[in-house]
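>>> Just to be clear, the model below is a prediction. Sequence and coordinates:
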Amino acid sequence: MGSNLAYSPTGSISPRHGGHHRHRHHGRAHAVAPAPSKDQGCGQICVEPLTATPFGSPCGCVFPMKVRLLLDVAPFAVFPVMNELEIEVAAGTYLEQSQVKIMGASADSQNQGMTVVDINLVPLGEKFDNTTAILTYQRFRHKKVPLNMTLFGNYDVVYISYPGIPSSPPYGGFTALSAFVLLMVLLGAISVFIKWRKVRKPSNAVGPAFTSSIHKRSGIGSILSSSIASSTSVSLMSNMAPSILSVRTFSLSEIEKATEKFSSKRILGEGGFGRVYSGLMEDGTQAAVKLLTRDNQNGDREFIANVESHLHGIDKTKGPLDWDARMKIALGAARGLAYLHEDSNPRVIHRDFKASNVLLEDDFTPKVSDFGLAREATEGSQHISTRVMGTFGYVAPEYAMTGHLLVKSDVYSYGVVLLELLSGRKPVDMSQPQGQENLVTWARPLLANREGLEQLVDPTLVGCCDFDDIAKVAAIASMCVHPEVTHRPFMGEVVQALKLIYNDTDETCGDCCSQKESSVPDSDFKGDLAVSDSSWWNAGAISPD
């Protein structure tokens with residue numbers, strides 16, 4: 001019935017600001033940036049506030065001009081058209097497109113229907129000359145950079161920052177600030193008037209009732225919390241029992257015979273809970289046998305959850321996936337994660353989202369599976385501190401380095417899968433040329449322009465689809481794998497953005513890349529059951545399976 005998606009098929013920015021932060025400008029002095037070197041092959045890593053020079057210019061680290069815009073459109077409408085935004089900003093400032101880098105986009109904290117976009121304008125040389133810097137500043141300040149109203153709506157300039165330009169915020173900031181102060185004064189006057197009226201009236205004894213109400217609500221919260229914890233345990237056990245009783249049980253002697261007493265030559269891989277061996281049963285059936293480690297107390301429960309999620313049939317060997325199939329998988333998987341993050345009660349972080357954990361029906365309808373490492377999400381944007389677990393190549397950098405788990409850690413993993421669907425590559429593939437082994441590291445620079453994207457895209461997709469659609473999906477992938485958590489979209493926003501490009505009834509590619517009739521040579525998209533092992537930063541204590 002279902003199969004694994006095992007087909008091997010773009011410096012840290014400050015957190016988004018909202019409200020009063022939009023009118024605050026920090027005019028701190030900058031250190032002198034090192035001059036760009038002439039060596040195009042340099043491997044220099046730039047650290048905030050510096051950024052790398054554009055492709056084609058001398059290699060080095062320079063100070064960018066930082067611009068923050070507030071667009072009057074929702075984030076999901078912006079993600080697919082990031083490339084168009086770069087083009088229009090470049091044209092409006094008389095710069096090359098390679099000099100415009102969109103560093104992040106996120107919903108405004110005060111209005112979720114608006115988008116905060118951070119842009120770096122990068123000089124081709126050591127720095128912008130004074131004339132260029134002032135001209136660019138003036139064009140943004142007076143809103144003379146034309147943006148497509150249909151795509152981006154109206155925009156406001158939140159701030160512009162670069163050494164040598166005026167430190168005052170745009171005029172619009174003063175206007176908004178004045179209006180805000182006036183509103184606060186008016187609300188304060190109304191509040192004082194209401195309190196004065198209440199003082200003149202006899203007070204009702206509402207204190208005890210209010211306090212009691214608080215205690216009751218607190219008690220209900222405690223009951224619900226303990227109820228959820230206990231019901232989760234009971235639910236897990238009750239769901240396990242029927243599955244365990246309905247499958248065949250093998251004795252240890254049968255398993256040892258099938259694996260030649262767990263011979264090292266039969267090792268397929270090693271995961272977080274033990275090694276996996278290739279086994280040949282007496283009736284000729286091939287099996288994968290996982291030998292759990294003794295020191296893991298939860299491994300048995302998580303392994304059973306893993307097995308149950310895979311009892312949907314045998315994987316079938318297929319040819320390269322066409323564009324429609326890939327987009328159906330991308331949209332369906334995004335919907336699954338969005339449900340876990342935003343609609344389920346309690347909200348859930350998957351923690352091990354990867355290509356091999358997406359099960360496919362015969363018509364490529366995806367099902368997110370394997371919740372053995374899942375954790376309940378906290379309320380709001382607070383992280384969970386936990387031991388780092390997951391799969392190499394998919395783990396978000398902030399989780400790998402600090403153990404801080406967020407719903408947007410799953411978003412990063414989803415972005416890696418989206419890059420797999422676009423490129424036909426595994427997250428980590430040591431057979432690739434030097435410098436291309438890690439998918440995210442290799443892909444991010446290529447997502448910035450058309451030439452790079454043509455190099456990244458799976459050759460089997462060439463000529464089958466509208467390249468603009470591929471570029472829009474690439475822009476979404478780029479946002480998902482952004483190193484800064486606050487600049488990644490929520491999965492609900494990803495779903496909305498993908499629906500603008502593709503929906504389940506679309507047939508944009510026709511039959512030119514059909515599963516059965518494709519004449520294109522085989523790519524990395526194969527029907528193997530080999531699990532992708534291998535993100536940007538390879539972190540320790542992460543299982544390769």
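Sure, I can see it. Numbers count the residues shown, from 1 in each chain.
>>> next SSE after the worst-scoring helix or strand of the chain on mean pLDDT?
Within the chain, no helix or strand scores below helix 207-246, which has a mean of 40 by mean pLDDT, DSSP states H and E. Using DSSP states H and E, the helix or strand that directly follows helix 207-246 along the chain is helix 252-258.
>>> can you pull the buried residues of that next one?
By neighbour count, with 16 or more other C-beta atoms under 10 Å as the criterion, the buried positions of helix 252-258 are I255, A258. (Glycine included, C-beta is placed from N, CA and C.)
>>> Give me the mean pLDDT for it.
In this model, helix 252-258 carries a mean pLDDT of 92.
>>> how far away is F353 from L405?
When C-beta to C-beta, to the nearest Å is the yardstick, F353 and L405 sit 12 Å from each other.
>>> Which residue of the two possesses the greater neighbour count?
In terms of neighbours (other C-beta atoms under 10 Å), F353 is the more surrounded of F353 and L405; the figures are 28 against 24.
>>> What count of nearby residues applies to V73?
Burial measure for V73: 18 neighbouring residues, criterion other C-beta under 10 Å.
>>> Tally up the residues packed near Q434, please.
Residues near Q434, counting by other C-beta under 10 Å: 6.
>>> before we move on, what about G284?
G284 is flanked by 6 other residues according to other C-beta under 10 Å.
>>> need the contact list for V62.
For V62, the set of contacting residues under the criterion of C-beta atoms under 8 Å, 6 or more residues apart in numbering consists of A33, P36, L50, T51, A52, T53, V122, P123, G125, E126, K127.
>>> Can you check the pLDDT for it?
Per-residue confidence for V62 comes out at a pLDDT of 89.
>>> which strand residues sit across from it in the sheet?
Per DSSP bridges, residues listed as beta-bridge partners of V62: T51.
>>> Give me the below-cutoff pLDDT ranges for the stretch 301-450 of the chain.
Under the criterion pLDDT under 70, the flagged ranges of the stretch 301-450 of the chain are 301-318, 380-382.
>>> pretty sure Y394 contacts G415?
No - applying C-beta atoms under 8 Å, one finds Y394 not in contact with G415, separated by 9.4 Å.
>>> Please identify which of these two sits among more neighbours.
Y394 (30 against 26).
>>> domain ranges for this structure?
Recorded structural domains for the chain (assignment: the TED database) are 51-161, 252-303, 312-505.
>>> now those domains as TSV including distance to S191?
As requested, the domains of the chain are arranged in TSV below (distance: least, C-beta to C-beta, whole Å):
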stretch	distance to S191
domain 51-161	21
domain 252-303	53
domain 312-505	27
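>>> before we move on, the earlier item: narrow the contacts of V62 to those in strands?
Within these, residues falling in strands by DSSP state E are T51, A52.
>>> Throw the contacts of V62 into TSV and include distance to A90, thanks.
As requested, the contacts of V62 are arranged in TSV below (distance: C-beta to C-beta, whole Å):
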residue	distance to A90
A33	22
P36	20
L50	21
T51	16
A52	17
T53	16
V122	11
P123	13
G125	17
E126	20
K127	18
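>>> Of the contacts of V62, just say which sits nearest to G279.
When the contacts of V62 are ranked by distance to G279 (C-beta to C-beta), A52 comes first, at 49.6 Å.
>>> My guess is the closest one contacts C61. True?
Yes - checked against C-beta under 8 Å, the pair A52 and C61 is within contact range at 6.3 Å.
>>> next SSE after the helix or strand where E398 lies?
Counting by DSSP H and E, the secondary-structure element that holds E398 is helix 397-402. Using DSSP H and E, the helix or strand that follows helix 397-402 towards the C-terminus is strand 404-405.
>>> so what strands line up beside that next one?
strand 384-385 (antiparallel).
>>> Just the residues contacting the partner strand, thanks.
Here strand 384-385 has contacts from I349, R375, A377, T378, G403, H404, L405, L406, using C-beta under 8 Å, 6+ apart.
>>> let's go with 6 Å and repeat that
Residues lying outside strand 384-385 but in contact with it, judged by C-beta atoms under 6 Å, 6 or more residues apart in numbering, are R375, T378, G403, L405.
>>> Drop anything exposed from the residues you listed.
The neighbour count (16+ other C-beta under 10 Å) marks G403, L405 as buried among the contacts of strand 384-385.
>>> Quick one: the contacts of strand 384-385 as CSV, columns for distance to Q97 too.
As requested, the contacts of strand 384-385 are exported to CSV (distance: C-beta to C-beta, whole Å):
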residue, distance to Q97
R375, 41
T378, 40
G403, 38
L405, 36
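>>> Out of the contacts of strand 384-385, the closest to C46 would be?
Of all the contacts of strand 384-385, G403 has the smallest distance to C46: 26.1 Å, by C-beta to C-beta.
>>> what sits against the closest one?
Contacts for G403 (C-beta under 6 Å, 6+ apart) come out as S385, T386, V388.
>>> give me the number of residues near the second one?
In this case it means T386. Neighbouring residues of T386 were enumerated by other C-beta under 10 Å; the total is 14.
>>> Identify the residue nearest it in space, chain neighbours excluded?
In space, and not counting its chain neighbours, T386 is closest to L405: 5.4 Å by C-beta to C-beta, 6 or more residues apart in numbering.
>>> So that neighbour sits against Y399, correct?
Yes - here L405 lies in contact with Y399, judged by C-beta atoms under 6 Å, at a distance of 5.5 Å.
>>> So which residues of the stretch 351-500 of the chain form strands?
358-361, 366-368, 375-376, 384-385, 404-405 (DSSP state E, counting those that start in this stretch).
>>> any chance of the ones you listed in a markdown table, with distance to N345 too?
Shown next, in a markdown table, are the strands of the stretch 351-500 of the chain (distance: least, C-beta to C-beta, whole Å):
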| stretch | distance to N345 |
| --- | --- |
| strand 358-361 | 23 |
| strand 366-368 | 17 |
| strand 375-376 | 10 |
| strand 384-385 | 17 |
| strand 404-405 | 19 |
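>>> So which of the ones you listed is nearest V494?
With C-beta to C-beta, the closest approach to V494 among the strands of the stretch 351-500 of the chain belongs to strand 366-368: 13.6 Å.
>>> what comes into contact with that closest one?
Under the contact criterion C-beta under 6 Å, 6+ apart, strand 366-368 has outside partners I329, G332, A333, G336, V358, L359, L360.
>>> same thing but at 7 Å, please
Around strand 366-368, the neighbours that count as contacts under C-beta atoms under 7 Å, 6 or more residues apart in numbering are G2, L5, I329, G332, A333, G336, L337, H350, N357, V358, L359, L360.
>>> For V495, which of the strands of the stretch 351-500 of the chain is the nearest?
Taking C-beta to C-beta, strand 366-368 is the member of the strands of the stretch 351-500 of the chain nearest to V495, at 12.9 Å.
>>> So in that sheet, which strands flank the closest one, and in what orientation?
The pairing partners recorded for strand 366-368 under DSSP bridges are strand 358-361 (antiparallel).
>>> Output the partner strand as PDB - backbone C-alpha positions only.
Extracted in PDB, the C-alpha atoms of strand 358-361 (Å, rounded to 0.1, in the frame of the first residue of the first chain):
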ATOM      1  CA  VAL A 358       7.700   9.900   4.200                       C
ATOM      2  CA  LEU A 359       5.600   6.900   3.200                       C
ATOM      3  CA  LEU A 360       4.100   7.000  -0.300                       C
ATOM      4  CA  GLU A 361       0.800   5.500  -1.500                       C
END
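>>> And it, what's buried?
When neighbours are counted by 16+ other C-beta under 10 Å, the buried residues of strand 358-361 are found to be V358, L359, L360.
>>> same deal with stretch 99-113?
Of the residues in stretch 99-113, those scored as buried under the neighbour-count criterion (16+ other C-beta under 10 Å) are Q99, V100, K101, I102, M103, G104, A105, S106, A107, D108.
>>> And the first one, how far from A91?
Meaning Q99. 12 Å.
>>> cool, and the third one?
Here K101 is placed at a distance of 16 Å from A91 (C-beta to C-beta).
>>> now the last one
In this structure, D108 and A91 are 25 Å apart, going by C-beta to C-beta.
>>> hey, C-alpha coordinates of stretch 451-465 in PDB?
Presented in PDB, the C-alpha positions along stretch 451-465 are these (Å, rounded to 0.1, in the frame of the first residue of the first chain):
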ATOM      1  CA  GLU A 451      22.500  30.000 -13.500                       C
ATOM      2  CA  GLY A 452      23.100  28.400 -10.100                       C
ATOM      3  CA  LEU A 453      19.600  26.900 -10.000                       C
ATOM      4  CA  GLU A 454      20.100  25.300 -13.400                       C
ATOM      5  CA  GLN A 455      23.200  23.600 -12.000                       C
ATOM      6  CA  LEU A 456      21.300  22.400  -9.000                       C
ATOM      7  CA  VAL A 457      18.100  21.100 -10.500                       C
ATOM      8  CA  ASP A 458      17.800  17.300 -11.300                       C
ATOM      9  CA  PRO A 459      18.600  16.900 -15.000                       C
ATOM     10  CA  THR A 460      15.400  14.700 -15.400                       C
ATOM     11  CA  LEU A 461      13.300  17.800 -14.700                       C
ATOM     12  CA  VAL A 462      14.800  19.900 -17.400                       C
ATOM     13  CA  GLY A 463      12.300  20.800 -20.100                       C
ATOM     14  CA  CYS A 464       9.400  19.100 -18.200                       C
ATOM     15  CA  CYS A 465       8.100  22.100 -16.200                       C
END
